[in-house]
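[1] Sequence and computational prediction follow.
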Amino acid sequence: MSLSWLGVIPFLGYVALFLLLPTAIIAWSAFVGPDGATTSNFGKLTRTDIVGAFRNSVVVSAVTAVIGAYQSSVTFASTQVAERYGIPFVVGDSVASNITGRGFKYVFRVTPVATDFAYNYMDFLKDIAAMGQPTKNLAVVYENTDYGTSIIETMRSVLALICPRSIGLGRSVWQQAAEYRICSVMAA
């Protein structure tokens, strides 16, 4: 006969002591008052302070931190809710700079922002030029979301700094794709 089932005894003891016993005490207290059995405590459940405490308890118990989301527009809205409830939110994928640019106390970024992407694109083009393949024209096509518009806005800024004579970038891919002339600074 196997005794492997004995390994579960510490777990069952923990459940009984820290989950079942407190639950039984609370349930007993809810139905038994100083004069015996009662249901009067149920009338108190609709009080504003009780409902608020219950809601806060569920929020705190259910969520202690959030990681995500992928889309910048979803992350922008989600971080606002997390900030309101004081729940730490780690931005792991979204690059739109407006997500962490609002001065929130509970929002943290662990990835590059759109500005970093723009500078990396320009560094890449410089590296390609150094290998003998200078970029003469650049087409920038982007999506009309928080991600796409964040990238294109920073690309406009970076291109204006690096290549002041370049033409302005166009609107989203759904409306038009614009070509860019990259100045000789890129080819150097």
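    Yep, it's here.
[2] mind checking how far Ser4 is from Leu12?
    14 Å (CB to CB, to the nearest Å). (Each C-beta comes from the backbone N, C-alpha and C, glycine too.)
[3] Name the nearest residue to Val91, sequence neighbours excluded.
    Arg109 (4.5 Å; CB to CB, 6 or more residues apart in numbering).
[4] give the contact list for the one you found.
    Val90, Val91, Ile99, Thr100 (CB atoms under 8 Å, 6 or more residues apart in numbering).
[5] What is the neighbour count of the second one?
    Right, Val91. 24 (other CB atoms under 10 Å).
[6] ditto for the first one
    With neighbours defined by other CB under 10 Å, the count for Val90 comes to 16.
[7] need the contact list for it.
    With CB under 8 Å, 6+ apart, Val90 has these contacts: Ala65, Val66, Ile67, Phe108, Arg109, Val110.
[8] do Ala82 as well
    Applying CB under 8 Å, 6+ apart, the residues contacting Ala82 are Val66, Pro88, Phe89, Tyr106, Val107.
[9] And for Thr115?
    Per CB under 8 Å, 6+ apart, neighbours of Thr115: Ser97, Thr154, Ser157, Val158.
[10] Name the helix or strand for it, please.
    Under the criterion of DSSP states H and E, Thr115 resides in helix 114-130.
[11] average pLDDT for that helix?
    Regarding helix 114-130, the rounded mean pLDDT is 84.
[12] what's the offset of the next helix or strand after it from the middle of its chain?
    Sequence-wise, the next helix or strand downstream of helix 114-130 (DSSP H and E) is strand 137-140. Strand 137-140 sits 31 Å away from the centroid of its parent chain (CA atoms, centre = their mean, to the nearest Å).
[13] Ok, stretch 39-59 next?
    Between the centre of stretch 39-59 and the centre of its chain there are 30 Å (CA atoms, centre = their mean).
[14] Mind checking what secondary structure the closest residue to Thr75 other than its chain neighbours has?
    Spatially, and ignoring its direct neighbours in sequence, Thr75 is nearest to Ser94 (3.9 Å; CB to CB, 6+ apart). Following DSSP: H, G, I helix; E, B strand; the rest coil, Ser94 is assigned to coil.
[15] ok, how many other residues are close to Ser94?
    Using other CB under 10 Å, Ser94 has 27 other residues around it.
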